[in-house]
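> Here is a sequence with its predicted model. Questions after.
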Amino acid sequence: MLISWNLVVLKISYTNKESLMKRRIRIEITKRAKEHVASHNIKVKEILSLFDKNYFVKREGRRYRLIGMAKGGRVLALILEKKEDQFILVTARDATKAEKALYKRKRNN
């Protein structure tokens, strides 16, 4: 499943710097990834709803960790891997307490 989605990244963290960025990216959600996130009781539409609100992005090498609130108020952590001109969903899960605190702090800035 290939999903093209408008991502409006509010803040992306590179080391200690943050910058604003807007761009259109492609996210590939493989059958394996869809099954994997289902094991965390997460549906693809929940993942996509995360992009409708503010979310925090942290770059970790070729991977990006997104923390945001999905429709219904559930705070999720997504891991995307950059591959050429698109991103591949690695996993999605409920955010940890530390990730929720980070999201809340960044959202209020």
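The structure has been received and is ready for your questions. Residues are numbered from 1 along each chain as shown.

> can you pull the buried residues of stretch 70-78?
70, 75, 76, 77, 78 (16 or more other Cβ atoms under 10 Å). Any C-beta I mention is one placed from the backbone N, CA and C, and that applies to glycine too.

> tell me, what residue is most central in the chain?
Centroid-nearest residue in the chain, with Cα atoms, centre = their mean: residue 66, separated by 3.2 Å.

> Tell me the bridge partners for that residue.
Per DSSP bridges, residues listed as beta-bridge partners of residue 66: residue 57, residue 78.

> My read is that it contacts residue 55, right?
Yes. Contact status for residue 66 versus residue 55: in contact at 5.4 Å, counting by Cβ atoms under 8 Å.

> can you tell me the helix or strand for residue 104?
Secondary structure assigned from DSSP states H and E places residue 104 in helix 97-107.

> Residues touching that helix, excluding its own?
11, 54, 55, 56, 67, 68, 69, 75, 77, 95 (Cβ atoms under 8 Å, 6 or more residues apart in numbering).

> Where do the strands of this protein begin and end?
In order along the chain, the chain carries the following strands (DSSP state E): 2-14, 17-28, 55-60, 63-69, 75-83, 86-94.

> Check the gap between residue 45 and residue 72 for me.
Residue 45 sits at a distance of 10 Å from residue 72 (criterion: Cβ to Cβ, to the nearest Å).

> wait, I meant residue 105
Using Cβ to Cβ, one gets 22 Å for the distance from residue 105 to residue 72.

> now do residue 99
17 Å.

> Need the distance between the two termini of stretch 52-65.
Using Cα to Cα, to the nearest Å, the end-to-end distance of stretch 52-65 comes out at 17 Å.

> Equivalent analysis for stretch 35-52, please.
Using Cα to Cα, the end-to-end distance of stretch 35-52 comes to 23 Å.

> And stretch 35-46, what's buried?
Those would be 36, 37, 42, 44, 46, for stretch 35-46 by 16+ other Cβ under 10 Å.
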